[in-house]
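In: Need the 3D shape of this:
(2 chains)
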Amino acid sequence: MNMLSEAAVEKALDKKMNEVAYKMIGKDVSVYYGEKRALFDVNLNVRENTVTALIGPSGCGKSTFLRTLNRMNDTIENCRVTGKITLDTDDIYDKEIDVVELRARVGMVFQKPNPFPKSIYENIAYGPKIHGLARGKADMDAIVEASLQRAGLWAEVKDRLHESGTGLSGGQQQRLCIARAVAVSPEVILMDEPCSALDPIATAKVEELIHELRANYTIVIVTHSMQQAARVSQRTAMFHLGQLVEENDTDKMFTNPDDQRTQDYIMGRFG
Amino acid sequence: MSTPLILLILAIIAIVCYVVGTRHALAIAGGVSSKLHSRPGYYGTFVALCAVLPAAIILAVWLIVSPFYINSTVLGGFPEDVRAKSQAEQGLAFGMVSSLARGMDVLTLDEIDSVGADPVALRSALGAKGLPLAGDPEPYMVESAGDLNAMNKISNRLMTAIVLIVALIGAGFSYTRISHRFRARNRVEKVILGSLVVASSIAIITTIGIVLSMLTEAGHFFGRVPAWEFFFGTVWDPRFAAAGATASEGQFGLIPLLLGTLYIGFVAMLVAVPVGLFSAIYMAEYASPKVRGVAKPLLEVLAGIPTIVYGFFALTTVGPFLRDISSKINGIATGDFANFIQAQSVLTAGFVMGIMLIPYVSSLSDDIITAVPRALRDGSLGLGATKSETIKKVVMPAALPGVVGALLMTASRAIGETMIVVLAAGVAARMQLNPFEPMTTVTVKIVSQLTGDLEFTSPQTLVAFALGITLFVITLCLNIYALFIVRKYREQYE
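Out: Numbering: from 1, shown residues only, chains lettered A, B, ... in the order given. Next up is the predicted model:
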């Protein structure tokens, strides 16, 4: 068996790779903040209906990469992106692409829960209204309910839909933000350390939610917690100093990584 | 000793106390300052404060109280027939006495001897020294002046002695208190805290004082003119205060003035709010840091221009321009080239006042809009909203309470504005609704009622205080309401 040629193995692997459906493909992505270069030629593909975790020490560029995926970097002065990122087959940095349309397809959940100072209902209805997804009140009600259901928040808030979203607890606020992102029916959801401002119980709920969302959405999550990456993701990408060190199956990543630096980081030797 | 000299001595005592106290504390600690509870300087400061503070308070109280006591004693010494006269005449007599007393200080002993008891000679002698008297002093006045001088002298000596003794006792007492464990720092900090409290209460106390003084005068006015005639009167025609006239001659209706104030303020806000808000939104959301860095200070410079300058602008440029253009429009429309906008009109004043208010609106709103957290903007943009949708639906609603508060404060400025109105809308108190005609405001009438030679007992003058208190109450209510709104709806971003 051992005599099975390496070429054959390669071939088999290639075949397997080819079967994988990639939702987003990043090719030679570099990001500059003014003169400073924050990302160096990152090649990272995001698989469909998979949770991909981005890990690495602070300032390694993982959040920067995440934000390139729905062009949130556009809102930062002096920020420049080179390389190519495609969503399905569309180059998202192409001039033909409307950033508004892109962000409707690639939603984002932020580090700190940031519900709008409006009612819970209005928070969810905000996106669908902007994109004209609902036809009439009944339709909107259905969208709001479905989104809250998906975010596992419906049971908790169904009697207080018209109270302010800022009155919820931190964990509920974050799930509200996830529901808000879900409401515009995106294909990809980006999460930037969604649990860093939450207590352990709220974190567990959000993680559970991420598990469930995977069935319908492609998820990319930045996290500082390696346990979290291990718990929620199927693929993990390790960044260091603006470079992609390694991208692998999560199981392999945390047991037998290919790169020494990943090993060191996971063992807590730096970062 | 003169007061400045006493103050100088106190200052010297303070410095000496500081140095001595600091040294003494160090000596107690054997030169190792860490053995002391507080840093050595605090001990010095403590000694200095103990010496100077009580002494200074006594000095201040003495300076305020002693003249009252001395004056009443001197007045009490006046002959019966003088004391039977009216308050005003007693005041005149006392004025003469105090000038005499000052004069007698200037004269040398020889000169006083040569003048003797002859009041006329005294007057001429004082006149030669550059101290003219209003009339020939009567003999009792000379006597009283002597008493006054004597009492002043005693009072001054007593004060000097007591103040200096208190200072020395304070210094000595606090010096003996210095020890290892003595908490000098806490004491000194308490005194500093006290002075901070005093400083902040001054503004409040002054406000109360202003209100009380206006209330008193307004009370006098309402004693002459019924309150309902003032608050609900529709005619403003105060006439002139005729000499000796006691009854109210004119009509003091507040309504035309209030209407003018609100009307002009309304037109001003109509100009200032949209322009100011839009410029704030541009500055906060769209302008690049470079543009913002130049434009924002420029806009704020506008806020520093004295309003009289805006008044010139209205008088010489805007008013005539509106008048001419109205006559042209009229000519094209009807063939009659008569202007339908007066050079001085509600429109002119409101427009120019609006321009004056733009920087307030934009600067205040800009601060409020910038304070809306970035996370909210990101959240909206992340959902695929455009920048303008984000501003309309997330940023502005979040900033709204603050902006409304800012607008109310701006409105209270508009109500209090005077100079622009005088020059741009005139002084005619009229009740009408045509924005092209002149009107006037409460503040303008306050100024005109209080300008010139006045008799402070006629309703024509006193009405200014009634107007003032009315205006004060209106702007106070606006400001309180603004604060209330801002507090109530302030989002819990933190």
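In: CA atoms for contacts and neighbours, from now on please.
Out: Fine.
In: The stretch 51-200 of chain A: strands as residue ranges?
Out: Counting by DSSP state E, counting those that start in this stretch, the stretch 51-200 of chain A has strands at residues A:51-55, A:79-87, A:90-91, A:106-109, A:188-192.
In: Kindly reformat those as a markdown table containing mean neighbour count.
Out: Formatted as a markdown table, the strands of the stretch 51-200 of chain A follow (neighbours: other Cα atoms under 10 Å in any protein chain shown):
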| stretch | mean neighbour count |
| --- | --- |
| strand A:51-55 | 27 |
| strand A:79-87 | 18 |
| strand A:90-91 | 15 |
| strand A:106-109 | 29 |
| strand A:188-192 | 26 |
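In: For B:K445, which of these is the nearest?
Out: Nearest to B:K445, of all the strands of the stretch 51-200 of chain A, is strand A:79-87, at 59.0 Å by Cα to Cα.
In: other SSEs contacting that closest one?
Out: Judged by 3 or more Cα pairs under 8 Å, 6 or more residues apart in numbering or on different chains; DSSP states H and E, strand A:79-87 is in contact with strand A:22-33.
In: buried sites along the helix or strand just after the strand it packs on?
Out: Beyond strand A:22-33 on the C-terminal side, the first helix or strand identified by DSSP states H and E is strand A:36-47. Using 16 or more other Cα atoms under 10 Å in any protein chain shown as the test for burial, strand A:36-47 gives A:38-47.
In: ok, of the residues you listed, which one's closest to chain B?
Out: Nearest to chain B, judged by Cα to the nearest Cα, of those is A:V46 at 19.1 Å.
In: Leaving out the residues flanking it, which one is nearest to the closest one?
Out: Nearest in space to A:V46, with sequence neighbours left out and distances taken as Cα to Cα, 6 or more residues apart in numbering or on different chains, is A:M24 at 5.0 Å.
In: quick one, what contacts B:P320?
Out: B:A343 (Cα atoms under 8 Å, 6 or more residues apart in numbering or on different chains).
In: where does it fall, phi/psi-wise?
Out: phi -60, psi -40 (degrees, to the nearest 10).
In: mind checking how far it is from A:R231?
Out: Distance of B:P320 to A:R231, given as Cα to Cα, to the nearest Å: 77 Å.
In: same thing with A:R80?
Out: 34 Å.
In: Next, count neighbours for B:G319.
Out: 25 (other Cα atoms under 10 Å in any protein chain shown).
In: does it belong to a helix or a strand, and which?
Out: Assigned by DSSP H and E, B:G319 belongs to helix B:319-334.
In: Then A:E246?
Out: strand A:243-249.
In: from the middle of its chain, how far away would that strand be?
Out: Mean C-alpha position of strand A:243-249 versus that of the full chain (Cα atoms, centre = their mean, to the nearest Å) differs by 16 Å.
In: Report the buried residues of the helix or strand that comes right after that strand.
Out: Once the chain leaves strand A:243-249, the next helix or strand it forms, by DSSP H and E, is helix A:250-255. Residues of helix A:250-255 classed as buried by neighbour count (16+ other Cα under 10 Å): A:250, A:253-254.
In: Ok, stretch B:465-485 next?
Out: B:465-472, B:475, B:478-479, B:482-483, B:485.
In: Distance from that stretch to the middle of the chain?
Out: 16 Å.
In: Those residues of chain B touching chain A, which are they?
Out: B:375-376, B:378-379, B:381-386, B:389, B:394, B:398, B:491-492 (Cα under 8 Å from any Cα of the partner chain).
In: which of those residues are buried?
Out: Among those, those scoring as buried are B:375-376, B:378-379, B:381-386, B:394, B:398 (criterion: 16+ other Cα under 10 Å).
In: Among these, which pair sits farthest apart?
Out: Longest span within these, Cα to Cα: B:G384 and B:A398, 18.8 Å.
In: low pLDDT regions in the chain?
Out: With no chain named, the answer covers chain A. Within chain A, the ranges that satisfy pLDDT under 70 run A:1-19, A:271.
In: The intended chain is chain B.
Out: By pLDDT under 70, the low-scoring segments of chain B are B:108-110, B:112-119, B:134, B:240-249, B:454, B:489-494.
In: Would you reformat the strands of the stretch 51-200 of chain A as TSV and include distance to B:N152?
Out: Compiled in TSV, the strands of the stretch 51-200 of chain A are given as follows (distance: least, Cα to Cα, whole Å):
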stretch	distance to B:N152
strand A:51-55	87
strand A:79-87	80
strand A:90-91	96
strand A:106-109	82
strand A:188-192	81
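In: so which of the ones you listed gets nearest B:T334?
Out: It's strand A:79-87; of these, that one is closest to B:T334 (Cα to Cα) at 60.7 Å.
In: Would you list the strands that that closest one pairs with, along with their directions?
Out: The pairing partners recorded for strand A:79-87 under DSSP bridges are strand A:22-33 (antiparallel), strand A:90-91 (antiparallel).
In: ok, now which ones touch B:S66?
Out: Here B:S66 is in contact with B:S155 (Cα under 8 Å, 6+ apart).
In: Can you classify the residue of chain B found nearest chain A as helix, strand or coil?
Out: Closest to chain A within chain B is B:G384: 4.4 Å, counting by Cα to the nearest Cα. Per DSSP: H, G, I helix; E, B strand; the rest coil, the secondary structure class of B:G384 is coil.
In: Contact partners for it?
Out: By Cα under 8 Å, 6+ apart, the residues touching B:G384 are A:99-104, A:107, A:127.
In: Any chance of a PyMOL selection covering the buried ones in the residues you listed?
Out: A single PyMOL command is used to select the members of the contacts of B:G384 judged buried by 16+ other Cα under 10 Å:
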select buried, chain A and resi 99+100+102+103+104+107+127
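In: so which of the contacts of B:G384 also contact chain B?
Out: Applying Cα under 8 Å from any Cα to the contacts of B:G384, those adjacent to chain B are A:99-104, A:107, A:127.
In: Which of these fall within helices?
Out: Using DSSP state H, the subset of the ones next to chain B among the contacts of B:G384 located in helices is A:99-104, A:127.
In: now, the most widely separated pair of these?
Out: A:V99 and A:G127, at 14.5 Å, using Cα to Cα across those.
In: Tell me how many other residues surround residue 176.
Out: Defaulting to chain A. Count around A:L176 with other Cα under 10 Å applied: 30.
In: wrong one, chain B
Out: For B:T176, the neighbour count with other Cα under 10 Å is 11.
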